[in-house]
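J.: Okay, sequence plus prediction incoming.
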Amino acid sequence: MFGNDTVVFQFTGPFGVRVDVGQSLAMLVLFIVVLSGGNLVSSLIFATMLVLAIFLHEFGHAWACIVQGAPVRRVMLFGGGGFCEPARSTTRYQSELIIAMGPIVNLALWALCSIAVKTIWSAEALPSEAMRQFASYLYMFGFLNLSLFIFNLIPVQPLDGGKLLHLLLLRFLKPGVAHRTAGVIGLAMAIAWIPAMFFVYATYGWVLFFMPSMPAHYRMARGQLA
């Protein structure tokens, strides 16, 4: 859906990597504001935190590319998340670190935010109103990063979890068997995704814009290309 998203803004990010911003990202921010129920400031802060968490996630991938000698063509941010595009193909073992580093960054950010929040509230003096507000923002940012970490490790294509599962299976199984096994697991998760979407919306009020492809995983399960 977002693969051919129109680039509306471009800038140079960390490590000199080009960052493209798709127009669907603005649609995502607008959607968050509309669902906020009128609290514009809070919804914009939440949207900024979400975009920042995705941005740092993708630059985790970019960093892993660069330290392994693989140049990065660009990082793309769009309404469905983002992706890091290496300028050349990478080996299987390089890909493992590249893919894993995005979720690792989110997990590290959650840990840092949790430590900071605990430090603020464990101080001998009661935190000021400004510090309490700051702690609440840190908690929210940490929760967002933990959510992205868990979400991205779900073993479906094209999420990081699906790619990592396939790569790890290739360490122990023949390529054809690994491909079909990853497809079977991904297909089961894709089927379970539909009731999970309703559960997440009913429990947290979150709308999942991503839907794993059942036909693609079915083709993988049959040994065909996704």
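T.: That came in fine, so what should we check first?
J.: Quick one: distance of the helix or strand of the chain with the lowest mean pLDDT to the chain centre.
T.: None of the helices or strands of the chain scores lower by mean pLDDT, DSSP states H and E than helix 23-35, at a mean of 86. For helix 23-35, the distance between its averaged C-alpha position and the chain's averaged C-alpha position is 17 Å (Cα atoms, centre = their mean, to the nearest Å).
J.: That one - contacts with which helices or strands?
T.: strand 7-12, helix 40-67, strand 72-78 (3 or more Cβ pairs under 8 Å, 6 or more residues apart in numbering; DSSP states H and E). (C-beta placed from N, C-alpha, C; glycine too.)
J.: Of all these, which one comes closest to A202?
T.: The minimum distance between A202 and the helices and strands packed on helix 23-35 falls on helix 40-67, with 19.7 Å, by Cβ to Cβ.
J.: re the thing from before, please convert the helices and strands packed on helix 23-35 to a markdown table, extending it with mean pLDDT and distance to I150.
T.: Compiled in a markdown table, these are given as follows (pLDDT from 0 to 100; distance: least, Cβ to Cβ, whole Å):
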| stretch | mean pLDDT | distance to I150 |
| --- | --- | --- |
| strand 7-12 | 93 | 29 |
| helix 40-67 | 94 | 13 |
| strand 72-78 | 95 | 20 |
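J.: Which one of the ones you listed lies nearest to S147?
T.: helix 40-67 (8.7 Å).
J.: Could you give me the buried positions within that closest one?
T.: Taking 16 or more other Cβ atoms under 10 Å as the neighbour-count basis, helix 40-67 is seen to contain the buried residues 43, 46-47, 49-51, 53-66.
J.: same question, stretch 138-152
T.: Of the residues in stretch 138-152, those with enough neighbours to count as buried (16+ other Cβ under 10 Å) are 138-142, 144-149, 151-152.
J.: so I191 sits right up against M214, yeah?
T.: Yes. Look at I191 against M214 with Cβ atoms under 8 Å: they come within range, at 6.8 Å.
J.: Now do the contacts for L164.
T.: Taking Cβ atoms under 8 Å, 6 or more residues apart in numbering, we find L164 in contact with 96, 99-100, 153, 155.
J.: one step back: to R171, which of the helices and strands packed on helix 23-35 lies closest?
T.: Distances from R171 to each of the helices and strands packed on helix 23-35 were compared by Cβ to Cβ, and the smallest falls on helix 40-67, at 18.1 Å.
J.: ok so, going back, with distance to V184 added, can I get the helices and strands packed on helix 23-35 in TSV?
T.: Shown next, in TSV, are the helices and strands packed on helix 23-35 (distance: least, Cβ to Cβ, whole Å):
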stretch	distance to V184
strand 7-12	36
helix 40-67	26
strand 72-78	29
